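In: got a predicted structure plus its sequence, pasted below:
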Amino acid sequence: MLANTRGFLWSDVETRALLDIWGEQDVQTALDGNFRNSHVYRDVACRLGEMGFDRTPEQCRIRVKGLKRQYYQAKEGIKKNGHYRKICKFYDEMEGILSNRPQIDPQDMIDSVAVGDEALDGTEEEAEGIGHSHEAYMESTGECSYAEHTVKLESPPFPIPVPSSSNGAGQRQSNTQTKTPPMARPKRSKKRYTNLSLDKLMEKFLEQSMEAEENFYKYEEQRLKVEDRRREAEHLRELQMLQVLGQMFAGIASPAQPSTQTGSSAPLLGQHNPHHADHINHHNMTSAPSQPIVIERAFTLSNLQAVRNMENILPLVRNIIPPLNSKKHKGQDGRVGIIGGCQEYTGAPYFAAVSALKVGADLSHVFCTKDAAAVIKSYSPELIVHPVLDSPNAVEEVEKWLSRLHTVVVGPGLGRDDRLLGNAKTIIEKSKALGIPVVVDADGLWLIAQQPSIIQGYQRAILTPNYMEFSRLYEAVCRDSVDSSDNQRNVVRLSQAMGNVTIVQKGEKDIISDGDKVIVCSHEGSSRRCGGQGDLLSGSLGVLAHWAFMSGPEKTNGLNPSLVAALGACTLTRQCNHQAFHKHGRSTTTTDMIAEVGPAFKKLFET
Ligand SMILES: NC(=O)C1=CN([C@@H]2O[C@H](COP(=O)(O)OP(=O)(O)OC[C@H]3O[C@@H](n4cnc5c(N)ncnc54)[C@H](OP(=O)(O)O)[C@@H]3O)[C@@H](O)[C@H]2O)[C@@H](O)CC1
Ligand SMILES: Nc1ncnc2c1ncn2[C@@H]1O[C@H](COP(=O)(O)OP(=O)(O)OP(=O)(O)O)[C@@H](O)[C@H]1O
C-alpha cells in the first residue's frame, strides 16, 4: 500500500507548505533527540491537512527524508564539484532549516552507512538522513519527473565493505560523537581505510546519480521529439483533409450569404475571427508558427459557413450517432465499462452506467468493490455488475472483459483507497494498450493528479474535471496556480501539458479543448446543482466517445472525435438538467435528469 503512495508526486506548493511546518522551531525541537517521531509527523500531516493538503504522516516523513537526502547530496556535491546544487530544488529552504540545527557532517553520514548499526544510536532524524540511499534518490527524482519516470540508480558494481563489528565501540557511536564537527573528531585508525574507499564510493555514487539523471533527460528529449514528429504528421493529414473540405465549402457557398465570409480570400493567419458564435468558440490557441495556424484557417473556412451557433455544430454530434436498424446485434452500439463504486459511493457508478445505457449503449458494466456490488445491482437490473475491484486479482478479472469493451469510464465513486487507485491505474494502462477510449472523472482525476503520466499523450483519453479537480490537476501538471481570469487559456495549457489529451472543464460554461482548439458550451441548463450530474456526463461521454472514434473524420468534419463527443455529452447533460428543472424545480435530482436523457437526446440530436 505504502509503495503505491510513496512515489506520488508532491507539488512545489505542497512541498513548501510541508517545509514551512517541518521547519518550525517546535517541530524541530520535537524531532531533535527523539528516536520515535511518528507523533510529530502525525501533527505535521494534520497541520498540512488544515492547509488543504491531504497527506499521511508516513508520506510526510518519507518526503522529508527524501528532501534531506537531496540536501546532503547537494551540499556534498558543492564541496566536491561545485555544481551539484541542482539536485536539491529546495536547497535554500533546507539550508535555512538545517543550518539552525546542530551540524551533521555529510561525511559522518557516509561513515554511518558503512558501519551499519552505528546509526541506531543517533536520532531517527539523523538515521533517516543517511539510510536507504537508493530509495531516497528515487524520491529525489520525483522533484523533476513523475513517479513512473524515476531514474533507476545502478548499484555500485562492487560490494560495499561492511566492517565486522564485534567491537562494541564499532557497533555503537554516541549521539555527541555523530554530531562532533569533523575537525574536532578523534581519528579512528580502524576506519580510515573504510573512509577512504567510502569517499570513492560516494564519488561514484554521485557520478552515477548525475549520469542517470542526464540519461533520463536525454531519453525524455528523444521521446518528445518522436512525439512531435508524430503530431506533425497528424496535423499534416488533418490539414490536407481540411483544405479539401474548405475548397468544397468555398465551391458551394451561395452568393446569398456573403456576409458570413471574410471575403473571397481566406482570413489572415492568426487573425481574430469575428464570426465565432456566442455559444461555441473555436480558437486555435497554439502559438506555434505555421502549421497549426494554417489548420485554423482551413478549419475556420469550413466552419465559418457551417457553424454559426450551437444549433449549427450539433450536426457533427448527430453525424456520429449510429443508425438503428434490424440487422444489428446486441452490443454493437456500445459496451461500456465503469471502473468505480465502493462502500461509500454506489450512486455515482450507477448514474454513469445507466446514463450510458439511456444514451444508447447496448451493455453497461460496472466494476466495483464487493460490498458495493449488491447495492448497485439493486438499483437497476439492466446493469452488469462485477464485484471485483478490491479482489486480489482485480486487474485480471477486469481484463477478461476489457477487450470486449468499447470505452471505459474510470473514477465515478472509485474512492481514494490506494489499492483501488492502483488497480484503476493498471486498468487504464491496459485500456491504452488496447486503444480503448478512456474517460476519466472524479477520483480517477485524483489519481491522474498524482501520476499524470498514466494518461499523458493518450489521445483517446478525455478528462472531465470540475473546477476543483481542474485546479488540482493544473497545479500538479503545470506547476503553477490557475489563472482565474482566463479559464480558456488554463484549459488549453493543461491539455497541451498533458500531450493534447482532451479536457472538459465543467462549470457555468463547459470549456473543452484538445490543446489545439477550444469549444465553449454554454447550452442552457439550470441553477440546480445536485450531486451526480458529472456522473451523467461521464457515462454519456463514454458512449459518445466510442461513436465518435468509430465514425471517421468525414462524419466529424475533420474535428477531433473527442471534441465532438465532449460537446455532445455536455450539451446533453445541460439539456437534461434544463428539462428536469422545468418539471421539478428545486427538488430536481440526478435521477430526474436521467429520466430526461431519452427526450433530451431526441430533441437535441434526432429532430
Ligand atoms: N451519489 C453518489 O454516490 C455520488 C458520489 N460522488 C462521488 O464522490 C466522490 C468524491 O467526489 P467529490 O466531487 O465530492 O470530491 P472532490 O473532488 O474532492 O470535491 C471535494 C470538495 O471540492 C469542492 N468542490 C467540488 N466541486 C467544486 C466546484 N465545481 N467548484 C468549487 N469547489 C468544488 C467542494 O468543497 P466545499 O464547497 O465543500 O468546500 C467539495 O466538497 C467521487 O467518487 C464521486 O464520483 C459524486 O459523483 C456525487 C454523487
Ligand atoms: N454553474 C453551472 N451552470 C450550469 N451548468 C453547470 C454549472 N456547473 C456545472 N454545470 C453542469 O453540470 C454538469 C456536471 O458538472 P459538475 O461541476 O456538477 O460536475 P461534478 O462536480 O463532477 O459532478 P458530481 O456531483 O457528479 O461529482 C456539467 O454538464 C456542467 O455543464
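Out: The structure has been received and is ready for your questions. Ligands and ions are numbered 1, 2, ... in the order given.
In: spell out which parts of the stretch 251-400 of the chain neighbour ligand 1.
Out: Contact residues (Cβ under 6 Å from any ligand atom) of the stretch 251-400 of the chain with ligand 1: 345-348. In this view, the C-beta of every residue, glycine as well, is placed from N, C-alpha and C.
In: among the residues you listed, name the buried ones.
Out: 345-348 (16 or more other Cβ atoms under 10 Å).
In: would you reformat the residues you listed as JSON lines and include pLDDT?
Out: JSON lines is the format used below for these (pLDDT from 0 to 100):
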{"residue": "345", "pLDDT": "98"}
{"residue": "346", "pLDDT": "98"}
{"residue": "347", "pLDDT": "98"}
{"residue": "348", "pLDDT": "98"}
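In: what is the most widely separated pair among those?
Out: 346 and 348 (7.6 Å; Cβ to Cβ).
In: now for these two: what residues contact both?
Out: Common neighbours of residue 346 and residue 348, counting by Cβ atoms under 8 Å, 6 or more residues apart in numbering, are residue 413.
In: thinking again about what came up before, secondary structure added to the buried ones among the residues of the stretch 251-400 of the chain next to ligand 1, as JSON lines?
Out: Listed next are those as JSON lines, based on DSSP: H, G, I helix; E, B strand; the rest coil:
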{"residue": "345", "secondary structure": "coil"}
{"residue": "346", "secondary structure": "coil"}
{"residue": "347", "secondary structure": "helix"}
{"residue": "348", "secondary structure": "helix"}
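In: mind listing the strands in the protein by residue range?
Out: 335-339, 363-368, 384-387, 407-410, 438-440, 461-463, 502-505, 510-513, 518-521 (DSSP state E).
In: what residues sit buried inside the third one?
Out: What it means is strand 384-387. 385-387.
In: quick one: contacts for residue 231?
Out: Counting by Cβ under 8 Å, 6+ apart, residue 231 has contacts residue 500.
In: revised request: answer the last question for residue 411.
Out: Residue 411 touches 339-340, 424, 440-447, 538, counting by Cβ under 8 Å, 6+ apart.
In: which of those are buried?
Out: 339-340, 424, 440-447, 538.
In: which one among these gets closest to residue 392?
Out: When those are compared against residue 392 (criterion: Cβ to Cβ), the nearest one is residue 424, at 15.6 Å.
In: leaving out the residues flanking it, which one is nearest to residue 349?
Out: Closest residue in space to residue 349, ignoring its immediate chain neighbours: residue 341 at 3.7 Å, by Cβ to Cβ, 6 or more residues apart in numbering.
In: residues near the one you found, how many?
Out: 32 (other Cβ atoms under 10 Å).
In: same check, this time on residue 392
Out: 9.
In: so how far is residue 30 from it?
Out: Relative to residue 30, residue 392 is positioned 40 Å away (Cβ to Cβ, to the nearest Å).
In: same question for residue 570.
Out: 51 Å.
In: on that earlier part again, okay, the strands of the chain in TSV with mean pLDDT next?
Out: Conversion of those to TSV gives the following (pLDDT from 0 to 100):
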stretch	mean pLDDT
strand 335-339	98
strand 363-368	98
strand 384-387	98
strand 407-410	98
strand 438-440	98
strand 461-463	98
strand 502-505	98
strand 510-513	95
strand 518-521	93
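In: can I get the ones you listed in JSON lines including distance to residue 201?
Out: Below are these laid out as JSON lines (distance: least, Cβ to Cβ, whole Å):
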{"stretch": "strand 335-339", "distance to residue 201": "46"}
{"stretch": "strand 363-368", "distance to residue 201": "49"}
{"stretch": "strand 384-387", "distance to residue 201": "52"}
{"stretch": "strand 407-410", "distance to residue 201": "45"}
{"stretch": "strand 438-440", "distance to residue 201": "44"}
{"stretch": "strand 461-463", "distance to residue 201": "44"}
{"stretch": "strand 502-505", "distance to residue 201": "47"}
{"stretch": "strand 510-513", "distance to residue 201": "50"}
{"stretch": "strand 518-521", "distance to residue 201": "54"}
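In: and of those, who's closest to residue 210?
Out: strand 461-463 (34.4 Å).
In: hang on, the earlier thing: which of the residues of the stretch 251-400 of the chain next to ligand 1 sits closest to ligand 1?
Out: residue 347 (2.6 Å; Cβ to the nearest ligand atom).
In: name the nearest residue to the closest one, ignoring sequence neighbours.
Out: Residue 347 sits nearest to residue 532 (Cβ to Cβ, 6+ apart), 5.9 Å away.
In: ranking helices and strands of this protein by mean pLDDT, which lands last?
Out: helix 290-306 (a mean of 27; mean pLDDT, DSSP states H and E).
In: before we move on, the earlier item: looking at the strands of the chain, which is nearest to ligand 2?
Out: Closest approach to ligand 2 among the strands of the chain is made by strand 510-513 (4.5 Å; Cβ to the nearest ligand atom).
In: describe which strands that closest one pairs with in its sheet and in which direction.
Out: Sheet pairing here is set by DSSP bridges, and for strand 510-513 it gives strand 502-505 (antiparallel), strand 518-521 (antiparallel).
In: quick check: the closest residue to ligand 1 within the stretch 51-200 of the chain vs residue 78, distance?
Out: Closest to ligand 1 within the stretch 51-200 of the chain is residue 54: 8.9 Å, counting by Cβ to the nearest ligand atom. Taking Cβ to Cβ as the measure, residue 54 falls 35 Å from residue 78.
In: more neighbours: which of these two?
Out: Each of residue 54 and residue 78 has its neighbours counted (other Cβ under 10 Å); residue 78 has more, 14 against 11.
In: roughly how far apart are the more buried one and residue 565?
Out: 53 Å.
In: equivalent analysis for residue 336, please.
Out: Distance from residue 336 to residue 565, by Cβ to Cβ: 13 Å.
In: can you redo the buried residues of strand 384-387 as CSV with distance to ligand 2?
Out: Shown next, in CSV, are those (distance: Cβ to the nearest ligand atom, whole Å):
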residue, distance to ligand 2
385, 19
386, 22
387, 23
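In: show me what from this protein comes close to ligand 1.
Out: 345-348, 412-414, 442-443, 466-469, 531-532, 534-535.
In: which one of the contacts of residue 411 is nearest to ligand 1?
Out: Nearest member of the contacts of residue 411 to ligand 1, counting by Cβ to the nearest ligand atom, is residue 442, at 3.3 Å.
In: so the closest one makes contact with residue 534?
Out: Yes: the pair residue 442 / residue 534 is scored as a contact, 6.8 Å apart, by Cβ atoms under 8 Å.
In: without its sequence neighbours, what residue ends up closest to residue 439?
Out: Going by Cβ to Cβ, 6+ apart, residue 439 has residue 409 as its nearest residue, at 4.4 Å.
In: what pairs with that neighbour across the strands?
Out: residue 338, residue 439.
In: and for it, the neighbour number?
Out: Neighbours around residue 409, by other Cβ under 10 Å: 34.
In: now do residue 598
Out: Using other Cβ under 10 Å, residue 598 has 14 neighbouring residues.
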